[in-house]
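> Okay, structure incoming, though there's no sequence with it:
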């Protein structure tokens with residue numbers, strides 16, 4: 001049994017709620033603008049620190065909805081799905097959704113396969129706690145983000161015109177975001193509240209989430225061997241795995257299920273005994289502890 005639902009049930013859970021997803025995209029922008037406005041109005045050190053932490057979450061939100069668009073499960077209309085996924089979700093966080101889609105589909109076709117794009121994030125686990133701590137410190141201090149960004153900038157000299165054009169489009173979107181901050185009179189927010197969280201907090205979130213998805217596992221035809229299942233809780237849903245992306249085993253069993261239906265699908269997998277406590281970690285902390293217990 002591969003965990004996929006029977007055809008009639010599968011058709012139901014694969015329905016794309018385009019109107020609700022439109023609200024998700026609009027509220028993604030709205031809530032993060034409100035966070036910055038509230039920080040400016042209250043204007044005290046505590047609210048600025050809280051806003052900074054929440055802007056790290058903002059990048060996780062953009063990436064999660066971009067991931068949904070990459071699977072073409074954000075909107076029923078393909079043109080709208082791809083345009084929103086690229087211009088409103090991907091480019092703001094310096095990602096090309098079509099390019100991401102190409103490599104991400106290889107990931108779904110064969111986790112840990114020869115074309116696996118994300119394997120540097122979760123290969124060679126378990127590791128020692130010191131090793132994991134060093135990785136997270138490189139992320140938090142911006143070294144990982146800067147290294148990846150420098151590699152990305154090399155695309156400006158790429159012989160492939162599509163790569164160069166994509167980078168210029170992403171640059172244009174960043175200029176627009178900077179311009180919006182300038183018009184409000186808070187130009188510095190672009191660097192402190194948008195760019196800095198991208199190079200620091202987002203890299204920590206991305207690594208922790210990636211480890212929680214596939215760290216310490218191996219290639220196999222059984223998705224339960226390639227992909228972790230973790231019980232979901234409000235705090236991690238809010239900050240680490242927004243838009244239901246934490247239901248990752250269900251997502252890998254059927255990548256055509258929209259994010260809003262993943263909790264329902266996960267419950268079905270539990271009911272069918274495809275997933276039980278043998279396969280599911282009770283918390284993310286328990287999983288991270290398990291993959292950082294290698295002896296020195």
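Cool, got the structure. Fair warning: this is a prediction, and the values are worked out from it, not measured in the lab. Residues are numbered from 1 along each chain as shown.

> Run through who's touching stretch 43-58.
Applying C-beta atoms under 8 Å, 6 or more residues apart in numbering, the external contacts of stretch 43-58 come out as 28, 32, 35-36, 38-39, 192-194, 196-197, 200-202, 204-205, 238-239, 242. Glycine gets a C-beta too; all of them are placed from N, C-alpha and C.

> again, only using 10 Å
Where contact means C-beta atoms under 10 Å, 6 or more residues apart in numbering, the residues beyond stretch 43-58 that reach it are 28-29, 31-33, 35-42, 61, 92-93, 189, 192-198, 200-205, 238-240, 242.

> which of the residues you listed are buried?
Taking 16 or more other C-beta atoms under 10 Å as the criterion, what is buried in the contacts of stretch 43-58 is 28, 32, 35-36, 39-40, 61, 92-93, 189, 193-198, 200-205, 239-240, 242.

> What distance do you get for residue 189 to residue 284?
In this structure, residue 189 and residue 284 are 30 Å apart, going by C-beta to C-beta, to the nearest Å.

> buried sites along stretch 154-168?
Going through stretch 154-168 with 16+ other C-beta under 10 Å, the ones that come out buried are 155, 163, 166, 167.

> on that earlier part again, the buried ones among the contacts of stretch 43-58 in helices, which ones?
Among the buried ones among the contacts of stretch 43-58, the members falling in helices (DSSP state H) are 28, 32, 35-36, 39-40, 61, 189, 196-198, 201-205, 239.

> Help me confirm that residue 230 comes into contact with residue 212.
Yes. Contact criterion C-beta atoms under 10 Å: residue 230 and residue 212 qualify, at 5.8 Å.

> what sits in contact with each of those two?
Counting by C-beta under 10 Å, 6+ apart, the contacts common to residue 230 and residue 212 are 236, 241, 246, 248, 281, 284, 287, 288.

> export the residues you listed to JSON lines and tack on secondary structure?
Converted to JSON lines, the shared contacts of residue 230 and residue 212 look like this (DSSP: H, G, I helix; E, B strand; the rest coil):
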{"residue": "236", "secondary structure": "helix"}
{"residue": "241", "secondary structure": "coil"}
{"residue": "246", "secondary structure": "coil"}
{"residue": "248", "secondary structure": "helix"}
{"residue": "281", "secondary structure": "strand"}
{"residue": "284", "secondary structure": "helix"}
{"residue": "287", "secondary structure": "helix"}
{"residue": "288", "secondary structure": "helix"}
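
> quick one, phi psi at residue 217?
For residue 217, the backbone dihedrals are phi -100, psi -170 (criterion: degrees, to the nearest 10).

> Help me confirm that it comes into contact with residue 226.
Yes. With contacts defined as C-beta under 10 Å, residue 217 counts as touching residue 226 at a distance of 5.4 Å.

> what sits in contact with each of the two?
Taking C-beta under 10 Å, 6+ apart as the contact definition, residue 217 and residue 226 share the neighbouring residues 111, 112.

> Quick check: mean pLDDT of whichever strand or helix holds residue 251?
Assigned by DSSP states H and E, residue 251 belongs to helix 248-253. What helix 248-253 shows for mean pLDDT is 97.

> Please name every helix or strand in contact with that helix.
Counting contacts by 3 or more C-beta pairs under 10 Å, 6 or more residues apart in numbering; DSSP states H and E, the secondary-structure elements packed against helix 248-253 are helix 97-109, helix 201-214, helix 223-226, strand 229-230, helix 262-271.

> Now render these as CSV, adding distance to residue 140.
Supplementary listing: these in CSV, determined by distance: least, C-beta to C-beta, whole Å:
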stretch, distance to residue 140
helix 97-109, 24
helix 201-214, 5
helix 223-226, 28
strand 229-230, 22
helix 262-271, 29
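
> for those, which one ends up most surrounded?
Among the helices and strands packed on helix 248-253, the stretch with the highest mean neighbour count (mean count of other C-beta atoms under 10 Å) is strand 229-230, at a mean of 25.
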